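> Task: produce atomic coordinates for the following.
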Amino acid sequence: MSVLDAEYSGFFKSLTSNQFLLKQGSLIHLDIGNITMRFTSGFASLAFAVSAVVSSFSAQAASIDLRVTGVITPGSCNATSGSVDYGTITTSDLSASTFNRLPEKKINFSVHCSSPMKVAVRAVDNRSSTVIPGAVASLDSSLTDANAFGLGPNTDGGENLGVFTITATPDFRIDGVPANNLVSSNKGGLWEKAETINLKNTPGSVISWVPSAGGEILPGAFENLSGSFTVNALLNKVDKLGLASDVSLDGLATLELVYL
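Numbering: from 1, shown residues only. Got it, this is the predicted structure:
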């Protein structure tokens, strides 16, 4: 065995790094495992070269990236509402020559938010193609077709069945205190106060609420909202319906929550 072989026989070098605990949920685990370098007498010259490189690296400061991630989620709100059922309506109770107004119905409406939020409501008519042009004026001369929601198609082949309106009443409360109704025709750019509000089926029309005390005319943040809407329906003239069999009223409006 040569002097060089004797001197470096069984040469062994082992590098072992520690574990770093970072975050998983609140901690990330990053584990750099054992790194072992082993040399034999048969590779003495190579051991010199690698040893020199390892020594050079060990003299430098080590670095590692720490990534911090997450998702920020705003609070959310849920709404609940009732429905309207007029039951069975016989044609003998309806007029053949004039529009037929049905009894007014009242539905409860509430919103619950996970934290105080400013929220508006927008109405969308899912039966807009069945609105009878101009008919809503028979309910109230101040109303236009923008305030009318369709009662669905006439499946018996006659003209459309009729229209209905949705009106916010003055009894709304936010977080237990009386509230004023607010309405905007430009997606909340400008607000007006109104005792009652006839909802519109137009993209920019939204309603919201603010505590009555204080006289503000801007929506207020709340966690809980409660109140009611009234629904007024108008059926077409019987001689326009051409009914030979039962036809179901199928009005459908969506009240969308809009976060302000």
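> Please, where are all the helices along this structure?
Here the chain has its helices, by DSSP state H, at 3-8, 44-58, 238-241.
> quick one, what contacts Leu94?
Applying CB atoms under 8 Å, 6 or more residues apart in numbering, one finds that Leu94 lies in contact with 100, 235, 238. (C-beta placed from N, C-alpha, C; glycine too.)
> try Tyr259
Counted by CB under 8 Å, 6+ apart, Tyr259 has contacts 74, 77, 117-119.
> Need the pLDDT of it.
The per-residue pLDDT reported for Tyr259 equals 93.
> dump the residue contacts of Thr251.
Just so we're on the same page, residue 251 is Gly rather than Thr. Here Gly251 is in contact with 84, 127, 149-152, 164, 233 (criterion: CB under 8 Å, 6+ apart).
> Per the annotation, how does the chain divide into domains?
Following automatic domain parsing, the chain resolves into domains at 3-58, 77-259.
> Near the closest residue to Asn126 other than its chain neighbours, how many other residues are there?
Nearest non-adjacent residue to Asn126, counting by CB to CB, 6 or more residues apart in numbering: Leu252, 4.2 Å away. Around Leu252 there are 13 other residues, counting by other CB atoms under 10 Å.
> right, and Leu252 touches Gly152 too?
Yes - using CB atoms under 8 Å, Leu252 makes contact with Gly152 at a distance of 7.5 Å.
> Pull up the overlap in contacts between those two.
Arg127.
> residue ranges with poor pLDDT in the chain?
Along the chain, segments meeting pLDDT under 70 span 1-60.
> same thing but 50
1-57 (pLDDT under 50).
> re earlier: show the buried residues in the contacts of Tyr259.
77, 117-119 (16 or more other CB atoms under 10 Å).
> Identify the farthest-apart pair in these.
Cys77 and Lys118 (10.2 Å; CB to CB).
> just checking, Ser129 touches Leu151?
No - with contacts counted by CB under 8 Å, Ser129 stays clear of Leu151, the gap being 11.6 Å.
> thinking again about what came up before, could you dump the contacts of Tyr259 into TSV and include distance to Gly215?
Output for the contacts of Tyr259, formatted as TSV (distance: CB to CB, whole Å):
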residue	distance to Gly215
Pro74	28
Cys77	25
Met117	22
Lys118	17
Val119	21
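> Sort out for me which of these are in strands.
If you go by DSSP state E, the contacts of Tyr259 have 77, 117, 119 in strands.
> Now do the same contact list for the closest residue to Ile166 other than its chain neighbours.
In space, not counting the residues next to it along the chain, Ile166 is nearest to Leu199; the distance is 4.4 Å by CB to CB, 6+ apart. Leu199 makes contacts with 121, 123, 147, 165-168, 205, 207, 229, as judged by CB under 8 Å, 6+ apart.
> nearest to Gly134, of these?
Using CB to CB, the contacts of Leu199 come closest to Gly134 at Asn147, 11.8 Å.
> Quick one: residues contacting that closest one.
136, 165, 198-201.
> Drop anything exposed from the contacts of Gly251.
84, 127, 149-152, 164, 233.
> residues touching Asn181, list them.
Asn181 touches 168, 170, 172, 193-197, 207, 209, counting by CB under 8 Å, 6+ apart.
> Give me the buried entries from those.
168, 172, 197, 207, 209.
> Need the residues you listed in a markdown table (columns: distance to Leu182).
Listed next are those as a markdown table, based on distance: CB to CB, whole Å:
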| residue | distance to Leu182 |
| --- | --- |
| Ala168 | 10 |
| Phe172 | 10 |
| Ile197 | 8 |
| Ile207 | 6 |
| Trp209 | 6 |
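> What about those residues, which are in strands?
Filtering the buried ones among the contacts of Asn181 for strands - DSSP E - leaves 168, 197, 207, 209.
> neighbours around the nearest residue to the last one once chain neighbours are set aside, how many?
Translated: Trp209. What sits nearest to Trp209 in space, not counting adjacent residues and going by CB to CB, 6+ apart, is Ala179, at 4.2 Å. Counted with other CB under 10 Å, the neighbours of Ala179 add up to 24.
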